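Chemist: What shape does this take:
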Amino acid sequence: MANEIQALQGKDISADVAKVNGKESGDMQSLSGKDYGPFPFSASGGTMTTIGSDTIHTFTSSGTFTVSGSRADMTADFLVIAGGASGSSYGGGGAGGFRTSSGTSGGGGSAESEVTMSAQAYSIVVGAGGAVAGGSSRETADGNDSVAIGITSVGGGVDAGGSGGGSRDHSGTGSAGTANQGYAGGDGNGGGPFSGGGGGGAGGVGQDASSADAGNGGAGLANSLRTGSGVDYAGGGGGGTYNPTGANQGGTASHGGGAGGAHFGAGAFTNAYRGYPGTVNTGGGGGCVEVNLVYGEGNGGGSGIVIIRYPTP
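Modeler: The predicted model follows:
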């Protein structure tokens, strides 16, 4: 009798037990067109938090994002912001490039597509802000790129960059930003007072300097991917001004950008004269002051940030 069970109507059903409606056991993971892989999905790296049914990884410095298991349908939202540039000799520093799949990208760009994750260790690079050399050199620097899960945001520019810097020369023009990452910087004013343009931001162009004041930094953008409510990022740095009469002001800034300073021909080089730095982990551009008719001195840009968010498996 037992031997006959495997030969019902003359058929050996042992090889058919692994078939469900024509699907082999090896195909069970791709029923309905979905490949759920042999292992459950998990990921590690950065600072992990949860909001509702989502998991968030936040990188405020460079590190590794490690994905284990594989799911062909496992996608993630991202926010990748590069480091902001320092203020230059006259103009505010450009904000770091701003790319996201959740909300508006920089430079008026639309939200990008989510990224699909696979089982591997992703190197995460969080771009540093541009630094200002001390002493008599007063050299300025672009922000550094941020790189994560196949996305690269361009560092803010003293000249061209993720967002462009305000005019280096008080009579010069602002520099361009990168398409879908940030806006251009503002022009300077050389007709007295000597003032620089504001650095470009992710959400707006840097303001041109005028006969009254230096240019304000371009607006940044708010993004809620990390916390569920809007956090400000990637504002341009304010331009600086030199006017011994004290009648003119440095450019203002927002969204993590540093305000510009105003120098009146005397006083120590505090931030009120040099301009203010961009805020850490916002990608804000540094502010600047035009110290005299020969050179100016800026302050450093803010470092970038990387945020990855996906539905908790």
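Chemist: would you list every one of the helices in the stretch 201-313 of the chain?
Modeler: Along the stretch 201-313 of the chain, the segments classed as helices by DSSP state H, counting those that start in this stretch run 271-274.
Chemist: Point out where it drops to low pLDDT.
Modeler: Applying pLDDT under 70 to the stretch 201-313 of the chain picks out residues 243-247, 263-274, 289-298.
Chemist: and the one residue sitting closest to the centre of the chain, what is it in contact with?
Modeler: By C-alpha atoms, centre = their mean, the mean C-alpha position of the chain lies nearest to residue 81, the distance being 0.8 Å. By C-beta atoms under 8 Å, 6 or more residues apart in numbering, the residues touching residue 81 are 96-99, 146, 153, 202, 233-234, 282-283, 304-306. Heads up, the C-betas are built off the backbone N, CA and C, glycines and all.
Chemist: ditto for residue 282
Modeler: 81, 84, 220, 232, 233, 234, 235, 255, 256, 302, 305.
Chemist: rewinding a little: tell me both backbone torsions, phi and psi, for the residue nearest to the centre of the chain.
Modeler: Backbone torsions of residue 81, given as degrees, to the nearest 10, read phi -120, psi 130.
Chemist: looking at the sheet around it, what are its partners?
Modeler: Judged by DSSP bridges, the bridge partners of residue 81 are residue 98, residue 305.
Chemist: quick one: it and residue 190, what's the gap?
Modeler: In this view, residue 81 and residue 190 are 33 Å apart by C-beta to C-beta, to the nearest Å.
Chemist: now residue 100
Modeler: 37 Å.
Chemist: Neighbour count for these two, which is higher?
Modeler: Neighbour count, other C-beta atoms under 10 Å: between residue 100 and residue 190, residue 100 has more, with 25 against 16.
Chemist: neighbours around residue 250, how many?
Modeler: 35.
Chemist: ok, and the closest non-adjacent residue to it?
Modeler: Spatial nearest neighbour of residue 250, excluding adjacent residues (C-beta to C-beta, 6 or more residues apart in numbering): residue 260 at 3.2 Å.
Chemist: Distance check, the one you found against residue 284.
Modeler: Look at residue 260 and residue 284: by C-beta to C-beta, they are 13 Å apart.
Chemist: Of the two, give the one with the bigger neighbour count.
Modeler: Of the pair residue 260 and residue 284, residue 284 is the one with more neighbours under other C-beta under 10 Å, namely 45 against 42.
Chemist: My guess is the more buried one contacts residue 84. True?
Modeler: Yes - using C-beta atoms under 8 Å, residue 284 is in contact with residue 84, at 4.9 Å.
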